[in-house]
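Engineer: Compute the structure for the input listed below.
(one chain, ligands or ions: 1)
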Amino acid sequence: MCTLIVFYRLLEGFHVVAMHNRYARRGSFEEPPRVSKGRFKAYHPVDSSSKGTWVGFNEEGLFAAATDQHTGGPIHAYRSRGLLLLDILTGFSESSEAVDYVERELTKGYRRGNFIIADRKQAFHILKDERVEVTPIDPGVHVFTNLTLKGWVRTENVPEDLLKYVEMRRRRALELASQIEPKVVDRVIEELRRVASDHGEEPGRGSICYHGETGWYMSSSTIMAVAENPGDSRILYCPGNPCEGRFLDYSHILREGGGGAAGALAEVYGPRGRWLKSTRRVGSSPVGGLRSV
Ligand SMILES: [Zn+2]
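Structural biologist: Residues are numbered from 1 along each chain as shown. Purely as a prediction, here's the structure:
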């Protein structure tokens with residue numbers, strides 16, 4: 001389950017700015033953004049069990065993200081969708097080529113989901129449900145959830161409350177994101193931090209900052225701004241609920257190649273998007289994340 005907001009080709013110099021609030025099953029764990037190396041270097045957080053990811057971009061400026069599609073379907077998959085996303089990020093520079101690859105791969109038996117793939121020129125949404133459908137994405141604000149409804153998508157097995165809460169989050173995310181003026185990237189990122197910790201009417205299963213009772217929890221929020229010059233891109237990551245935690249700036253991994261140079265500066269953001277302090281990083285975890293700020 002997830003809420004993903006994508007600003008596609010709205011900001012000058014940044015073809016993608018995205019916020020991905022991830023709701024994961026209790027008992028699953030993840031690691032902060034790091035660098036993976038294939039044909040291209042990719043920057044992304046990591047799901048601890050599959051070693052795949054749900055959002056990222058690479059040194060060629062290709063962005064990719066995934067959300068669930070909760071309409072049922074097989075639970076046991078031939079391979080994790082997170083690893084498929086990692087294939088895209090480490091192996092492709094053009095979104096159209098990545099889409100061809102994903103379409104071929106999805107015939108092999110992955111779980112249902114939504115995949116968003118974007119480069120500087122073109123972006124696509126791939127819906128994997130009972131069949132696979134590819135839709136081009138126009139420049140604009142787009143919201144994806146754990147349920148994409150199309151005429152052919154069957155929802156008779158989707159619980160009523162799930163439909164209700166997904167629609168609440170989708171509507172609220174679109175409303176808030178549409179109010180953001182897509183001009184200055186720092187300002188957009190600041191606004192997206194607020195959206196990430198939004199509760200709408202109240203914290204719960206229907207809020208963007210997700211507070212589930214059973215089974216699921218909010219594992220993280222990731223904000224990425226992908227620049228025309230990839231080195232100028234931005235990566236912010238907040239473990240857990242953004243209303244309680246803080247966003248850390250991981251943009252330094254773009255320059256450090258993954259391990260992290262000692263003494264890199266990290267900006268620390270509070271629950272309401274308030275800038276708290278700029279501090280010297282004193283250590284890094286084995287995956288290159290921030291351990292102490
Ligand atoms: Zn919250």
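
Engineer: quick one, longest helix in the chain?
Structural biologist: Looking across the chain with DSSP state H, the single longest helix is helix 160-178.

Engineer: which strands and helices sit next to that one?
Structural biologist: Helices and strands touching helix 160-178, as assessed by 3 or more CB pairs under 8 Å, 6 or more residues apart in numbering; DSSP states H and E, comprise strand 2-11, strand 140-144, helix 185-196. Every C-beta, even on glycine, is put in place using the N, C-alpha and C of the backbone.

Engineer: Nearest to the ion, out of the ones you listed?
Structural biologist: Closest to the ion of the helices and strands packed on helix 160-178, according to CB to the ion: helix 185-196, at 9.0 Å.

Engineer: Now do that closest one against helix 160-178, angle only.
Structural biologist: Interaxial angle of helix 185-196 relative to helix 160-178 (axes from the mean of the first three to the mean of the last three CA atoms, to 10 degrees): 160 degrees.

Engineer: Could you list the residues in contact with helix 185-196?
Structural biologist: Helix 185-196 is contacted from outside by 5, 7, 11, 13-14, 17, 19, 21, 173, 176-177, 180-182, 208-209, 221, 223, 225, 234, 236, 238, 242, 247, 269, 272-273, using CB atoms under 8 Å, 6 or more residues apart in numbering.

Engineer: and that helix, C-alpha only, in PDB?
Structural biologist: This file holds the C-alpha atoms of helix 185-196, laid out as PDB (Å, rounded to 0.1, in the frame of the first residue of the first chain):
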ATOM      1  CA  VAL A 185      12.300  23.100  -6.100                       C
ATOM      2  CA  ASP A 186      13.200  23.700  -2.400                       C
ATOM      3  CA  ARG A 187       9.800  25.200  -1.800                       C
ATOM      4  CA  VAL A 188       8.100  22.200  -3.600                       C
ATOM      5  CA  ILE A 189      10.100  19.800  -1.400                       C
ATOM      6  CA  GLU A 190       9.100  21.700   1.700                       C
ATOM      7  CA  GLU A 191       5.400  21.500   0.700                       C
ATOM      8  CA  LEU A 192       5.700  17.800  -0.100                       C
ATOM      9  CA  ARG A 193       7.100  17.200   3.400                       C
ATOM     10  CA  ARG A 194       3.900  18.700   4.800                       C
ATOM     11  CA  VAL A 195       1.800  16.600   2.500                       C
ATOM     12  CA  ALA A 196       3.700  13.500   3.600                       C
END
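
Engineer: Okay, now the sheet partners of the helix or strand that comes right after it, with direction.
Structural biologist: Heading C-terminal from helix 185-196, the first helix or strand you meet, by DSSP states H and E, is strand 216-227. Paired neighbours of strand 216-227 in the sheet (DSSP bridges): strand 14-25 (antiparallel), strand 234-239 (antiparallel).

Engineer: Make CSV from those and add distance to the ion and mean neighbour count to it.
Structural biologist: Compiled in CSV, the strands paired with strand 216-227 are given as follows (distance: least, CB to the ion, whole Å; neighbours: other CB atoms under 10 Å):
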stretch, distance to the ion, mean neighbour count
strand 14-25, 10, 23
strand 234-239, 11, 22
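
Engineer: would CSV of these with mean pLDDT and distance to residue 133 be doable?
Structural biologist: Formatted as CSV, the strands paired with strand 216-227 follow (pLDDT from 0 to 100; distance: least, CB to CB, whole Å):
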stretch, mean pLDDT, distance to residue 133
strand 14-25, 96, 21
strand 234-239, 98, 30
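
Engineer: which of the helices and strands packed on helix 160-178 is buried the deepest?
Structural biologist: strand 2-11 (a mean of 22; mean count of other CB atoms under 10 Å).

Engineer: That one vs strand 14-25, what angle?
Structural biologist: 180 degrees.

Engineer: could you give the mean pLDDT of strand 2-11?
Structural biologist: What strand 2-11 shows for mean pLDDT is 97.

Engineer: got the contact list for residue 207?
Structural biologist: By CB under 8 Å, 6+ apart, the neighbours of residue 207 are 168, 169, 172, 198, 199, 200, 201.

Engineer: Next, work out how far apart the second one and residue 82 are.
Structural biologist: As judged by CB to CB, to the nearest Å, residue 169 and residue 82 stand 22 Å apart.

Engineer: Settle it for me: which of those two has more neighbours?
Structural biologist: residue 169 (27 against 20; other CB atoms under 10 Å).

Engineer: Nothing else from me, thank you.
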